[in-house]
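>>> Dropping the sequence and predicted coords here.
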Amino acid sequence: MSDQTYCDRLVQDAPFLTSHGRLSEQQVDKIILQLNRFYPQILTNKEAEKFRNPKTSLRVRLSDLLTHLQRKGERDCQEFYRALYINAQHLYGSLPSRKAMSPMFFLACFSVAAGLAFLIYYCSPDPRVLRGARRVIGFSPIIIGKHVSHYLLAYLEKGCKEP
């Protein structure tokens with residue numbers, strides 16, 4: 001996700017956000033008002049009126065808003081995500097651009113934990129190194145989760161009983 005700009009994320013999330021029933025009229029109005037009234041002011045009064053016009057369908061207004069923000073630049077897209085988080089937090093957490101990182105994040109965490117366990121099991125008989133590594137692995141279950149924690153804690157208990 002770090003290599004994706006906010007504008008790239010907005011392009012990826014636009015179909016999801018504009019699909020029927022994702023955002024209510026009130027949520028879109030709150031987002032537009034936040035972009036218009038709070039610092040930094042992203043939308044002018046005229047633009048805010050255009051995107052809040054009830055004569056135009058919600059989907060068209062939202063689609064036009066997203067396109068407008070993409071044209072204006074990175075900072076404006078970032079402020080949109082901030083407004084979305086504040087006004088529709090449940091939807092923000094389920095955006096496609098946010099979910100794209102979860103499998104990779106899990107794989108990275110698991111790889112680090114597995115690598116540490118491997119190093120502790122096969123390397124360095126020096127007790128000072130082993131003791132420090134046990135402390136690191138002792139905190140790994142907090143980050144990784146319940147399922148892995150049973151194995152890591154069992155290893156630590158076995159290691160602490162040995163002289």
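Received the coordinates, thanks.
>>> what's in contact with stretch 5-23?
With C-beta atoms under 8 Å, 6 or more residues apart in numbering as the contact definition, stretch 5-23 has outside contacts at 1, 4, 31, 58-59, 62-63, 66, 69-70, 73-74, 77-78, 80-81, 88, 91, 95-97, 100. Using the backbone N, CA and C atoms, a C-beta is placed for each residue, glycine as well.
>>> Select only the buried ones of those residues in PyMOL?
Only the buried entries of these go into this PyMOL selection, using 16 or more other C-beta atoms under 10 Å:
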select buried, resi 31+58+59+62+66+69+70+77+78+80+81+88+91+95+97
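>>> Tell me the pLDDT of Ser97.
The predicted local confidence for Ser97 comes out at a pLDDT of 87.
>>> Okay, and it sits in which element?
helix 96-99 (DSSP states H and E).
>>> so how far is Ala114 from Leu107?
Computed as C-beta to C-beta, to the nearest Å, the Leu107 to Ala114 distance reads 10 Å.
>>> which of the two has more neighbours?
With neighbours defined as other C-beta atoms under 10 Å, Leu107 and Ala114 compare such that Ala114 has more, 13 against 10.
>>> Would you state the secondary structure element containing the more buried one?
Using DSSP H and E, Ala114 falls within helix 102-122.
>>> what's the answer for Asp64, then?
Asp64 is part of helix 58-72, with elements assigned from DSSP H and E.
>>> May I ask which helix or strand of this structure has the lowest mean pLDDT?
Least confident helix or strand of the chain, by mean pLDDT, DSSP states H and E, is helix 127-144 with a mean of 55.
>>> thinking again about what came up before, tell me which helix or strand comes right after the helix holding Asp64.
Remark: after helix 58-72, the chain's next helix or strand is helix 74-87, criterion DSSP H and E.
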